[in-house]
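Chemist: Quick check, what structure comes out for this input:
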Amino acid sequence: MTSMPLQQLRAIGVHAGDTLMVHASLRKIGKLEGGADALIDALLTAIDPGGTLFAYADFEPTPEVPYFDVERSPCATDHGVFPEVLRRRRGVLRSTNPGASVLALGARARELTHPHPLHYGYGAGAPFERFVSVGGKLLLLGSSLDAVSLLHYVEDIAHIPSKRVIQYTVPIHSNGATNNIETEEFDTANPVVATMPENYFERVMHAFLADHAIEPRLIGMAPSYLIDAQTLVRYARQRMEREYGGQRSIDGERG
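Modeler: You can find the predicted model right below:
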């Protein structure tokens with residue numbers, strides 16, 4: 001069994017009061033006694049008192065819950081088991097934008113999750129922006145560098161022309177009724193600009209880690225990184241704007 005000693009989290013730079021956005025690969029961490037719950041317990045101990053856990057949830061329709069229900073919809077399985085186990089924790093709050101929904105547990109949970117705009121839910125006025133503004137830290141526990149969801153926030157705020165925009169209808173259940181709601185968002189399932197490579201996020205992250213001399217440390221058995229969110233957002237935005245236009249869109253378009 002792999003343990004999750006507090007010393008490992010302290011060594012990587014996790015402290016009491018931190019707001020942590022966590023991406024985790026349980027497979028990379030190794031077999032934990034207690035599984036994902038043990039990981040969450042260790043993280044909560046490390047950031048106590050006054051800290052907050054934060055995670056990207058998205059949602060996944062099921063036969064039992066074929067619509068988005070903020071209380072009942074499972075997290076998307078693409079992000080591993082960590083978000084779903086966190087969602088089931090007592091006291092966790094979830095934001096109300098289906099595809100961009102996030103979870104938070106701790107002192108800043110309400111502040112981070114509410115409100116959440118229905119349109120352009122990764123950008124201005126959304127939880128990702130508030131996470132960055134409060135000095136949040138990104139903790140990557142063996143997770144893929146191509147799956148850093150905070151970079152969707154960067155895609156939204158970066159001044160890049162010709163971003164892909166999608167409109168779609170999503171069934172949302174609230175106050176006892178289900179309604180089909182029209183929404184609009186930058187395309188997060190594909191590169192936001194047609195000429196971006198599929199693994200662009202991974203390239204940005206490798207460059208960021210190299211340029212800032214950030215070396216991995218082991219959490220359990222997983223090579224892991226702790227990253228200041230404001231520093232990453234600033235770096236990634238400058239890179240995106242330099243490589244894909246760096247100019248404001250016209251006619252009032254976002255970005």
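Chemist: and stretch 116-130, average pLDDT?
Modeler: For stretch 116-130, mean pLDDT rounds to 97.
Chemist: end-to-end on stretch 168-181?
Modeler: Start to finish, the residues bounding stretch 168-181 are 8 Å apart (C-alpha to C-alpha, to the nearest Å).
Chemist: Name the surrounding residues that touch it.
Modeler: When contacts are defined by C-beta atoms under 8 Å, 6 or more residues apart in numbering, stretch 168-181 is touched by residues 65-70, 96, 98-99, 118, 182-183, 185. Quick note: C-beta positions are derived from backbone N, CA and C, even for glycine.
Chemist: now swap in stretch 224-243 and tell me
Modeler: 12-14, 21, 131-132, 135-142, 150-151, 153-155, 157-160, 204, 207-209, 211-212, 214, 216-218.
Chemist: In strands, which of those residues appear?
Modeler: By the criterion of DSSP state E, membership of those in strands covers Met21, Lys137, Leu138, Leu139, Leu140, Leu141, Arg217, Leu218.
Chemist: which residues does Ser143 contact?
Modeler: Contacts of Ser143 by C-beta under 8 Å, 6+ apart are His23, Ala24, Ser25, Lys28, Gly80.
Chemist: Just the buried ones among the contacts of stretch 224-243, please.
Modeler: Neighbour counting by 16 or more other C-beta atoms under 10 Å classes 12, 14, 21, 131-132, 136-142, 150-151, 153-155, 157-158, 160, 204, 208-209, 218 among these as buried.
Chemist: What's the mean pLDDT across stretch 76-85?
Modeler: 95.
Chemist: Which parts of it count as buried, going by neighbours?
Modeler: Ala76, His79, Gly80, Val81, Phe82, Pro83, Glu84, Val85.
Chemist: Give me the subset of those residues lying in helices.
Modeler: Per DSSP state H, helices hold the following members of the buried residues of stretch 76-85: Phe82, Pro83, Glu84, Val85.
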